[in-house]
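S.K.: only geometry, no sequence info:
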Ligand code: PRP
């Protein structure tokens, strides 16, 4: 048993998972179980330096676990942080999971053509609302849960606000970027109370992580 305080870390399932696990592996944490996890949801990793419980949840849930203190630390995309304004510290840009928010539509579509309010489909209504508010453009938002690129193809919406990583989903569906909104990458977030009560352990993880991302 090591005598460092236990730290709970909520990781985002899916796309970010591999790169995030790799960061902890580079810090000397034994992540074997996390790499070959089956249906297990929580993984205890302990050595002389770290005493960590990792768990894997969906991105919006990472912010919930950290806000309530069920996780001390979370790894989550800036897209989720921009959409869900919650209470915690955002301490590090991990420079993984790099992508961007963009406004996209079928080739030939123009936002300023015609008089009717344009319909915008998105998984990120707050991000989209803020984008159009800044542009002083009156639009109608349609919340979609996934495969947003489909919406303009079948006539549900005129355009979409979504994440673009490689651009292949847009390309394969005949959509193009109309305007880039902002860059996104994964962030480390910390529960406000944990920053005080487990300061030493939390700071060690922040410092070691920043060494790895700056290598
Ligand atoms: C995201 C995003 C785009 C796609 C972009 O969806 O919403 O659809 O990835 O990636 P690309 O530019 O590399 O093609 P995700 O695969 O996470 O799932 P979803 O479509 O169910 O939302």
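M.R.: Sure thing, it's come through. Here the structure is a predicted model, which means the values were calculated and not measured.
S.K.: Following the helix or strand of the chain with the lowest mean pLDDT in sequence, what is the next regular element?
M.R.: Ranked by mean pLDDT, DSSP states H and E, the weakest helix or strand in the chain is helix 32-35, scoring a mean of 87. Downstream of helix 32-35, the next assigned helix or strand under DSSP states H and E is strand 42-46.
S.K.: Packing partners of that next one?
M.R.: Where contact means 3 or more CB pairs under 8 Å, 6 or more residues apart in numbering; DSSP states H and E, strand 42-46 is packed against helix 32-35, strand 51-57. All C-beta atoms are positioned from the backbone trio N, CA, C, and that covers glycine.
S.K.: Report the buried residues of whichever helix or strand comes after the last one.
M.R.: Downstream of strand 51-57, the next assigned helix or strand under DSSP H and E is helix 59-68. Neighbour counts over helix 59-68 (16 or more other CB atoms under 10 Å) mark 59, 61-67 as buried.
S.K.: thinking again about what came up before, show me how far the least confident helix or strand of the chain is from its chain's centre.
M.R.: Put simply, helix 32-35 sits 21 Å off its chain's centre (CA atoms, centre = their mean, to the nearest Å).
S.K.: Parallel or antiparallel, which strands does the longest strand seen in the chain pair with?
M.R.: Longest strand of the chain, by residue count under DSSP state E: strand 175-184. Strand 175-184 pairs in its sheet with strand 99-106 (antiparallel), by DSSP bridges.
S.K.: who does the following helix or strand past the strand it pairs with touch, helix- and strand-wise?
M.R.: Per DSSP H and E, strand 99-106 leads on to strand 118-122 as the next helix or strand towards the C-terminus. Using 3+ CB pairs under 8 Å, 6+ apart, the elements in contact with strand 118-122 are helix 125-134, strand 139-143, strand 159-164.
S.K.: most packed of the ones you listed?
M.R.: The highest average neighbour count among the helices and strands packed on strand 118-122, using mean count of other CB atoms under 10 Å, belongs to strand 159-164 at a mean of 24.
S.K.: Following element in sequence after that strand, please.
M.R.: On the C-terminal side of strand 159-164, the nearest following helix or strand under DSSP H and E is helix 168-172.
S.K.: got the contact list for that next one?
M.R.: 104, 149, 164, 176-177 (CB atoms under 8 Å, 6 or more residues apart in numbering).
S.K.: can I see the domain layout of this protein?
M.R.: 7-97+185-213, 99-184 (automatic domain parsing).
S.K.: Give me the most central residue, the chain.
M.R.: residue 77 (1.7 Å; CA atoms, centre = their mean).
S.K.: Can you give me the pLDDT of it?
M.R.: As predicted, residue 77 sits at a pLDDT of 97.
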